[in-house]
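Colleague: below is the structure, and that's it, no one-letter string:
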């Protein structure tokens, strides 16, 4: 899942670390999507997971900012570095494209652990220089960290990220866990496939319940963990349609 049209995007740093960069796909009329890849916050997974999805969204009329960040098993990653990077990359979106991106028309789209990071970023307090998303899309997201920690998902990835379980460091979970931070007044699309064997669908169901009316839970039958980020699948076609309703590009 790495190929893309030559010259379709350019690599832009948003910080001094080699992992603090993104791939910017220009275009559209100001509507933009920030893509956050997953991989249980580990170094072996990279932003190339989202490249075909970025190309598809760009062809649909969006500028795209596909971001990389320091993961928890590399220098500077984990808490708070991983979170700081996502926050900094999101705020950098407003300066991309020579002002071509409308800060009021940006959607966050995260997959798996990236779904967690997208929802977390949407809960940040507003402030000068901070970009507030118009919509958030979680695709098979790890969006209930306390539940994920208790299940021990992916060799206790959440405990490693946060330095313990919800009973050991409850204040960290109150800060980092979207299910604990909900609700927020931002439209949210929470997508999960019934055939997902990597992230249990119950995490999305629990988050959507906590998020209330601002969140729409989209359950996709016979859909696995990667279908939701793979252009050409029925799942991705439906997701792109729903994103266009949340944040329509004007043509």
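Modeller: It's in. Remember, it's a predicted structure, so these values are computed and weren't measured experimentally.
Colleague: return, as residue ranges, the portions of the stretch 51-200 of the chain with sub-threshold pLDDT.
Modeller: 125-126 (pLDDT under 70).
Colleague: rerun that using 80 as the cut-off
Modeller: The stretch 51-200 of the chain contains residues with pLDDT under 80 at 94, 97-99, 125-129.
Colleague: where exactly do the helices run in it?
Modeller: 51-59, 81-92, 113-122, 145-151, 153-162, 170-176, 178-181 (DSSP state H, counting those that start in this stretch).
Colleague: what are the contacting residues of the third one?
Modeller: For helix 113-122, the external contacting residues (Cβ atoms under 8 Å, 6 or more residues apart in numbering) are 34-41, 50, 69, 82-83, 86-87, 90, 108-110, 132-133, 136-143, 145, 157, 176, 178, 181, 184, 186, 188, 207. Every residue, glycine included, has its C-beta placed from N, CA and C.
Colleague: which of these count as buried?
Modeller: By neighbour count, with 16 or more other Cβ atoms under 10 Å, those hold 34-41, 50, 69, 82-83, 86-87, 90, 108-110, 132-133, 136-143, 145, 157, 176, 178, 181, 184, 186, 188, 207 as buried.
Colleague: how much space between the most centrally placed residue in the chain and residue 99?
Modeller: Nearest residue to the geometric centre of the chain (Cα atoms, centre = their mean): residue 110, 2.0 Å. Residue 110 is 25 Å from residue 99, where distance means Cβ to Cβ, to the nearest Å.
Colleague: just the strands in the stretch 101-250 of the chain please.
Modeller: For the stretch 101-250 of the chain, the strands defined by DSSP state E, counting those that start in this stretch cover 106-111, 135-139, 188-193, 215-220.
Colleague: switch the ones you listed over to TSV; also include distance to residue 230.
Modeller: Formatted as TSV, those follow (distance: least, Cβ to Cβ, whole Å):
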stretch	distance to residue 230
strand 106-111	10
strand 135-139	11
strand 188-193	11
strand 215-220	12
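Colleague: those strands: which one's closest to residue 123?
Modeller: Shortest distance between residue 123 and those, using Cβ to Cβ, is found for strand 135-139: 9.4 Å.
Colleague: partner strands of that closest one, with direction?
Modeller: Sheet pairing for strand 135-139, assigned by DSSP bridges, gives strand 106-111 (parallel), strand 188-193 (parallel).
Colleague: which parts of the last one are buried?
Modeller: Looking back up the chat, that one is strand 188-193. For strand 188-193, the neighbour count (16+ other Cβ under 10 Å) marks 188, 189, 190, 191, 192, 193 as buried.
Colleague: swap in stretch 53-66?
Modeller: For stretch 53-66, the neighbour count (16+ other Cβ under 10 Å) marks 53, 54, 55, 56, 57, 58, 60, 62, 63, 64, 65, 66 as buried.
Colleague: what residues are up against the fifth one?
Modeller: Pointing back at residue 57 there. Per Cβ under 8 Å, 6+ apart, neighbours of residue 57: 25, 33, 35, 64, 240, 243.
Colleague: how near is the closest residue to the fourth one other than its chain neighbours to residue 10?
Modeller: Here the nearest residue to residue 64 in space, its sequence neighbours aside, is residue 25; by Cβ to Cβ, 6 or more residues apart in numbering that works out to 3.9 Å. Note on residue 25: its distance to residue 10, by Cβ to Cβ, is 8 Å.
Colleague: then residue 62?
Modeller: 16 Å.
Colleague: could you do residue 97 as well?
Modeller: Going from residue 97 to residue 10 by Cβ to Cβ gives 10 Å.
Colleague: mutual contacts of those two, please.
Modeller: Common contacts of residue 97 and residue 10 (Cβ under 8 Å, 6+ apart): 24, 26.
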